[in-house]
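Trainee: For reference, the sequence and a predicted model appear below.
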Amino acid sequence: MKHRMIVAGLAGLAALSLVGCSVGSEVDDATSTGVPDTSDPSASTDASTGTDSGYTLTPKDLDGDGLITVGFAQVGAESGWRTANTDSYKEYFVEENGFKLVFADANQDADKQKQDVRDLISQGVELIDLAPVTDSGWEPVLQEAKDAGIPLIISDRQLSVPEDLYLTYFGGDMRAEGDRVVDWIKSYAADQGITDPINVVHLQGTMGSSAQKGRSEALSVGAPANDWNVVYEQTGEFTQAKGQEVMESFLQQGKDFNVIYSENDDMTYGAIDALVAHGLDPKDYIIASFDGNKSAVQMVVDGTIDVIGECDPLLGPQVGELIKQAAAGETIAKITYSTEGLIDSTNAADKVTTAFGS
Ligand code: GZL
């Protein structure tokens, strides 16, 4: 059973960065991440590239080579999701599809990424696609792209910036992803008749990224609402190595827990490795993850991971189509969210056959 109260480790209580469960922490989920809550389709702004959002730039083949040169400012190579995302861009943005790709890898360094975008501006690319490492400090850079007459798309992770600084956003709705997983845990605990306290280990993604902020916000609202205790919370920076390191440090400190809420599959793999190294069975815990890499989905089939909040990395073709629509003068939505759901024991056997990555 997945809900035995686990005494995680031995004595040796060090000072913990414990996160108590702040009762009644009401969060306005529309703006707390600074990102408009347009998860309600009726609320989404369908601003065109015209006067609606004040953004008038459209993609053009300025140098007459018959291609649109896209400068892609990528986060890094931190996870299986990122690898699949990069591959989807490199496979789609090719001459036969009408594009040329200039690729910049920020190596998860937010400051380097701002320089990457400035370099793309100075190289004179004809459109910039930015997948921002974190969501702060971008307005001046976006303004520079606009002043240079270069259309800019935000993909993968949202920015809370004025709508007149970017053409469109395409990617996941991170808060909604988190809400789905929190609701799943609530339902599962009820269905299993779990009466033990729900004590959650929270592995956060890269701090300040909209992916971390949205998924963390869902838990920060859901935990008090369901009387759960978040007994430990720390960033694993979306990597397997850091996820394992953080979980190992937690296990040394001996707090009881029965749920792991990990903001991506790579940190989940690391956490599972730490459990096993500590002589614990991952199947004794409720393990919730995000993304949907093939090996993680297989772990759902095997019963090791219980639920995955889907997040689609294969954005290249979808962004490419939006660029083509805008270049043809069509109105495109200001924000378009990927199609995402949940993966659990009811659908994992089907999902694993088409899951991305390895
Ligand atoms: C989500 C993306 C996140 C993934 C991680 O859209 O930004 O970054 O969930 C990746 O795996 O590192």
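Mentor: Sure, I can see it. The shown structure was predicted, so the numbers you read here are calculated from the model rather than taken from an experiment.
Trainee: mind giving me the domain split of the chain?
Mentor: The chain resolves into domains spanning 2-37+174-312+343-351, 46-171+313-337 when parsed by automatic domain parsing.
Trainee: Go through those domains and name the closest to residue 358.
Mentor: Residue 358 lies closest, by CB to CB, to one member of the domains of the chain: domain 2-37+174-312+343-351, at 5.8 Å. Where C-beta positions appear, they are placed from N, C-alpha and C, glycine not excepted.
Trainee: separation between the residue nearest the centre of the chain and residue 126?
Mentor: What sits nearest the mean C-alpha location of the chain, by CA atoms, centre = their mean, is residue 211, with 3.4 Å. Computed with CB to CB, to the nearest Å, the distance linking residue 211 and residue 126 is 28 Å.
Trainee: cool, and residue 291?
Mentor: In terms of CB to CB, residue 291 sits 31 Å off from residue 126.
Trainee: more neighbours, these two?
Mentor: Legend: neighbour count by other CB atoms under 10 Å for residue 291 and residue 126, higher for residue 291 (32 against 23).
Trainee: Would you confirm that the more buried one contacts residue 80?
Mentor: Yes: taking contacts as CB atoms under 8 Å, residue 291 lies within contact range of residue 80: 7.1 Å.
Trainee: any shared contact partners between these two?
Mentor: Common neighbours of residue 291 and residue 80, counting by CB atoms under 8 Å, 6 or more residues apart in numbering, are 265-266.
Trainee: Switch the domains of the chain over to TSV; also include mean pLDDT and distance to residue 357.
Mentor: Below are the domains of the chain laid out as TSV (pLDDT from 0 to 100; distance: least, CB to CB, whole Å):
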stretch	mean pLDDT	distance to residue 357
domain 2-37+174-312+343-351	86	4
domain 46-171+313-337	95	4
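Trainee: any chance of those domains in TSV, plus distance to residue 358?
Mentor: Shown next, in TSV, are the domains of the chain (distance: least, CB to CB, whole Å):
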stretch	distance to residue 358
domain 2-37+174-312+343-351	6
domain 46-171+313-337	7
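Trainee: what's near enough to touch the closest residue to residue 292 other than its chain neighbours?
Mentor: Closest residue in space to residue 292, ignoring its immediate chain neighbours: residue 310 at 4.8 Å, by CB to CB, 6 or more residues apart in numbering. Residue 310 sits next to 177, 290-292, 340-343 when contact means CB under 8 Å, 6+ apart.
Trainee: Please enumerate the strands of the stretch 51-200 of the chain.
Mentor: 68-74, 99-105, 127-130, 152-156, 168-171, 199-204 (DSSP state E, counting those that start in this stretch).
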